[in-house]
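Engineer: quick check, what structure comes out for this input:
(one chain, ligands or ions: 1)
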Amino acid sequence: MPVDSPVPIPILLLAWYDRSARRLPWRAPPGAPATDPYRVWLSEVMLQQTTVAAVGRYFAEFTQRWPSVDALAGAADEDVMAAWAGLGYYARARNLLACARTVAAAGGHFPDSEEDLRALPGVGAYTAAAIAAIAFGRRAVVVDANVERVVARLFAISTPLPAAKTAIREAAATITPDTRPGDFAQAMMDLGATICTPKRPACAICPVNGHCTAFRAGDAALYPVKSPKAVRPSRHGTTFWLESDGHVLLVRRPDKGMLGGMRALPSGPWTDADPGMAGAPAGISWRPLGNVAHVFTHFALNLAVVAGDTSDRTGDGEWWPVDDIDRAGLPTLFAKAAALAQKARIAEDEGRA
Ligand code: SF4
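Structural biologist: The predicted structure follows:
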């Protein structure tokens with residue numbers, strides 16, 4: 001509900017956006033014609049659960065290597081998975097390829113309606129709305145985590161998340177304009193990222209503070225209300241650094257499951273109890289090197305790293321030059337394990353010298 005200001009929220013917000021928009025590589029400047037849907041789609045998929053700062057160099061590399069949806073559709077799976085390494089949530093990379101191939105097969109043009117966009121692999125309600133608004137100038141209600149916070153505060157929505165999502169979306173719909181919907185969506189995102197921040201929002205300089213119910217009540221930081229967090233369970237696993245004449249054994253993880261399709265060190269099951277040497281790629285004596293910890297969305301993993309040597313290269317997988325391991329495109333978990341193994345290797349070499 002409007003509180004004090006007679007000027008509507010979209011007008012205030014767009015005027016602020018014209019002055020203060022973040023300059024991001026995938027964006028058109030405020031008021032400019034929409035950018036290439038391929039770039040909008042790619043950036044939105046990359047930004048899911050990932051920060052703007054982390055996405056920058058990945059977006060630059062992807063658009064340089066694969067400048068169009070047709071180019072990406074023609075890329076080898078392993079090249080795309082390796083280029084995605086480190087961004088996390090690897091199902092996104094598999095869906096990215098599936099989506100690019102679907103669009104390319106249909107003539108290389110993204111559909112321009114939310115409904116048709118949602119039919120594409122990996123494109124959910126949020127991403128479809130964002131592409132429709134930003135790339136095609138369609139009125140769409142675009143609600144990401146930043147927008148959720150802004151709207152919960154503007155309207156003082158006291159229902160805890162995630163139950164509040166429907167109310168937040170309905171409230172967001174009441175302020176979404178027909179004109180410049182793409183700029184409006186990005187303005188809301190920018191407001192949430194730079195002024196209406198999770199802690200200590202800068203309400204004094206907020207362009208829409210005259211409309212903000214939470215600000216007027218003096219309790220902006222209480223919103224959005226969140227349900228108590230469930231405790232994240234722990235799992236344990238073992239990964240195997242198997243060397244043969246300056247090369248290390250790498251495998252491709254099964255397409256389905258955690259880090260699916262990614263190049264990785266061999267590892268056994270990830271279970272509630274320590275799985276020991278289950279899944280070892282060779283029946284040799286293994287040296288313990290230490291542990292790496294990694295937090296996934298639904299559990300925390302404690303991964304023991306063990307090392308061994310072999311002259312038998314007959315098993316499944318590829319033998320990768322150890323000195324070139326940084327170019328293998330390992331996901332962060334296995335990159336940490338590889339770093340630990342290399343550190344131990346250097347220490348062993350120094351001990352022998
Ligand atoms: S006034 Fe404060 S709480 Fe309200 S939208 Fe602006 S920054 Fe957020």
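
Engineer: thought Ile335 was touching Gly88?
Structural biologist: That one is not Ile; residue 335 is Ala. No - between Ala335 and Gly88 there is no contact under Cβ atoms under 8 Å: 11.5 Å. (Glycine included, C-beta is placed from N, CA and C.)

Engineer: so which residues on the stretch 151-300 of the chain come close to the ligand?
Structural biologist: 153-154, 195-196, 201, 203, 206, 208-209, 212, 214-215, 220 (Cβ under 6 Å from any ligand atom).

Engineer: need those residues in CSV (columns: distance to Phe299 and secondary structure).
Structural biologist: Shown next, in CSV, are these (distance: Cβ to Cβ, whole Å; DSSP: H, G, I helix; E, B strand; the rest coil):
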residue, distance to Phe299, secondary structure
Arg153, 32, helix
Leu154, 35, helix
Ile195, 35, coil
Cys196, 31, coil
Pro201, 32, coil
Cys203, 37, helix
Cys206, 38, coil
Val208, 39, coil
Asn209, 41, helix
Cys212, 38, coil
Ala214, 34, helix
Phe215, 38, helix
Ala220, 33, helix
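
Engineer: okay, now the unreliable bits of the chain?
Structural biologist: Flagging of the chain using pLDDT under 70 yields the residue ranges 1-5, 352-353.

Engineer: name the element the residue nearest to Arg169 when sequence neighbours are not counted belongs to?
Structural biologist: Take Arg169 and drop its neighbours on the chain: the residue closest to it by Cβ to Cβ, 6 or more residues apart in numbering is Val143, 5.5 Å away. Using DSSP states H and E, Val143 falls within no helix or strand.

Engineer: residues contacting Val143?
Structural biologist: For Val143, the contact set (Cβ atoms under 8 Å, 6 or more residues apart in numbering) comprises 126, 129, 151, 165, 168-169, 172.

Engineer: quick one: the helices in the stretch 1-150 of the chain, in order.
Structural biologist: 9-20, 37-47, 52-65, 69-73, 77-84, 91-105, 114-118, 125-136, 145-154 (DSSP state H, counting those that start in this stretch).

Engineer: can you tell me the SS state at Gly290?
Structural biologist: Under the three-state scheme (DSSP: H, G, I helix; E, B strand; the rest coil), Gly290 adopts strand.
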